[in-house]
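**Student:** What shape does this take:
(one chain, ligands or ions: 1)
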Amino acid sequence: MLKYAVIGTSWITQSFIDGAKLDNKMQLSAVYSRSEEKGREFALRNGVDRVFTSLEELAGSDVDAVYIASPNSFHATQSEIMLNAGKHVLCEKPITVTPDELVYLQNLAKKNSVIYAEAIMHMYNPARGLLAKAMERIGRITSAHFDFSQLSSKYPAYKNGELPNIFNPVFATGCLEDLGIYCVYPAVDYFGMPKEISALSYFMESGADGCGSAALRYDDKHVTLTYSKLGQNRLGSQIFGDAGTITIGSISQFTDINIVFNDGTSEKIIGDVPKERLMGNEASLFADIVADPDGYSDFYNELCDTALKTSRIMAEIRKHAGIRFDEYKEIK
Ligand SMILES: NC(=O)c1ccc[n+]([C@@H]2O[C@H](COP(=O)([O-])OP(=O)(O)OC[C@H]3O[C@@H](n4cnc5c(N)ncnc54)[C@H](OP(=O)(O)O)[C@@H]3O)[C@@H](O)[C@H]2O)c1
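**Tutor:** This next block holds a predicted model:
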């Protein structure tokens, strides 16, 4: 069983731990927190008694792997420390802020013979393959619209004058990094690299992008992406073929997927899946890759390649939309 530690003690870390328990391939062994007290409370709640407040001490410990769920601006430096110490790393999305540092860290992982992967539900989700098969049944696909608009639970605090991390560009956050990435992933995964990208964003007073859109031009299709933390999507995403349309309730979770054929008939491809199961898929496949890197090398290469292409598109969208993280120091 893969012995792992977590960095970050928010709800998403709890959700990963709960998901990882489902298949019993990863065993929580330690918690890192900036605060001993917070870390201890979180560790005890999860049945472990090892807490680190020093990343170097965590790196020197006997854990095999680390799940990183800190604010985005810490992903690259924390990953670098862990990869240098020979730990396998599963890092929350976006895995790094820039594509150059992703290349650097992917090479570092290769050099140290460890696995380094982005925790993005899309790539580990069995629905990924089901959707690919469904797409073969709707004829020629000429356009798709992926939307992830989810009213942020932190928005009321922001409106009250607070500055939650997610709306603070110092942490390389904002709507594109948080939600837009879930729209970029399927575009890259199913359609590849676009020929041309354009993008616009609406900026909040904090400087964070609160919502935005991007258009991806391919030789044979046009794909639009929209994302917002300031309003709630009630319609989902769609893929348009000349024989039918695929509707996708949640583009991040790939749930509630249906094909509606042009004759009016429809077919359910997938219904609802608990979030815990989706996080569990990430943990399970990550553990499988670590346990059998040769057997999973095709999938791992796909993970690395799709992460890098996504990171490159994200950088291009930021450039066009004017999303800047001026205080972020890229690692090299
Ligand atoms: N996969 C998903 O569905 C999903 C969902 C939500 C978020 N995420 C990703 O998970 C990551 C964390 O997101 P979040 O919303 O949980 O972030 P967050 O609450 O702002 O921070 C996460 C953790 O990082 C530590 N932290 C907070 N502020 C920090 C600071 N200023 N300096 C250093 N560490 C700090 C805290 O742990 P301690 O106080 O214990 O040190 C906190 O528990 C992001 O990369 C996000 O994209 C993924």
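**Student:** which residue sits closest to Gln27 in space, ignoring its chain neighbours?
**Tutor:** Met1 (4.6 Å; C-beta to C-beta, 6 or more residues apart in numbering). Every C-beta, even on glycine, is put in place using the N, C-alpha and C of the backbone.
**Student:** Same check on Asn125?
**Tutor:** In space, Asn125 is closest to Phe254, 5.0 Å off (C-beta to C-beta, 6+ apart).
**Student:** Spell out which residues belonging to the stretch 151-300 of the chain are near the ligand, please.
**Tutor:** Asn165, Ile166, Asp178 (C-beta under 6 Å from any ligand atom).
**Student:** tell me, how many neighbours does the residue nearest to the last one when sequence neighbours are not counted end up with?
**Tutor:** With sequence-adjacent residues excluded and distances taken as C-beta to C-beta, 6+ apart, Asp178 is closest to Ile166, at 6.2 Å. Burial of Ile166, expressed as a neighbour count using other C-beta atoms under 10 Å, amounts to 22.
**Student:** just the one 4 residues further on next, same as before
**Tutor:** A count of neighbours around Val170, defined by other C-beta under 10 Å, yields 16.
**Student:** Residue numbers of the stretch 1-150 of the chain in contact with the ligand?
**Tutor:** 8-10, 12, 33-35, 38-39, 69-72, 74, 92-93, 119.
**Student:** are any of those buried, and which?
**Tutor:** When these are checked for burial by 16 or more other C-beta atoms under 10 Å, the buried set is 8-9, 12, 33, 39, 69-72, 74, 92-93, 119.
**Student:** The residues you listed in helices, which ones?
**Tutor:** Ile12, Gly39 (DSSP state H).
**Student:** Look up phi and psi at Leu26.
**Tutor:** For residue 26 the amino acid is Met, not Leu. Met26 adopts backbone torsions of phi -130, psi 140, taken as degrees, to the nearest 10.
**Student:** Who does it form a beta bridge with?
**Tutor:** Beta-bridge pairing of Met26 under DSSP bridges involves Leu2.
**Student:** So for stretch 70-86, mean pLDDT?
**Tutor:** Across stretch 70-86, the average pLDDT comes to 98.
**Student:** Show me how far that stretch is from its chain's centre.
**Tutor:** 16 Å (C-alpha atoms, centre = their mean, to the nearest Å).
**Student:** Tell me if the residue nearest to Asp178 really is in a helix.
**Tutor:** Yes - Ile166 forms part of a helix when assessed by DSSP: H, G, I helix; E, B strand; the rest coil.
**Student:** Please name the residues that touch it.
**Tutor:** Ile166 is in contact with Ser152, Lys154, Thr173, Gly174, Asp178, Ala208, Lys229, counting by C-beta atoms under 8 Å, 6 or more residues apart in numbering.
**Student:** Report the separation between it and Ser152.
**Tutor:** 7 Å (C-beta to C-beta, to the nearest Å).
**Student:** who touches both of the two?
**Tutor:** Once C-beta under 8 Å, 6+ apart is applied, the residues that Ile166 and Ser152 both contact turn out to be Lys229.
**Student:** Just list whatever residues bridge to Ala117.
**Tutor:** Leu90.
**Student:** ok, so what distance separates it from Ser266?
**Tutor:** From Ala117 to Ser266 the distance is 35 Å (C-beta to C-beta).
**Student:** ok, these two, which is more surrounded?
**Tutor:** Ala117 (24 against 13).
**Student:** Touching, the more buried one and Ala283? I think so.
**Tutor:** No - in this structure, Ala117 is not within contact of Ala283 by C-beta atoms under 8 Å, at 11.1 Å.
**Student:** any shared contact partners between the two?
**Tutor:** Leu90.
**Student:** what domains does the record give for this protein?
**Tutor:** 2-122+283-294, 125-277 (automatic domain parsing).
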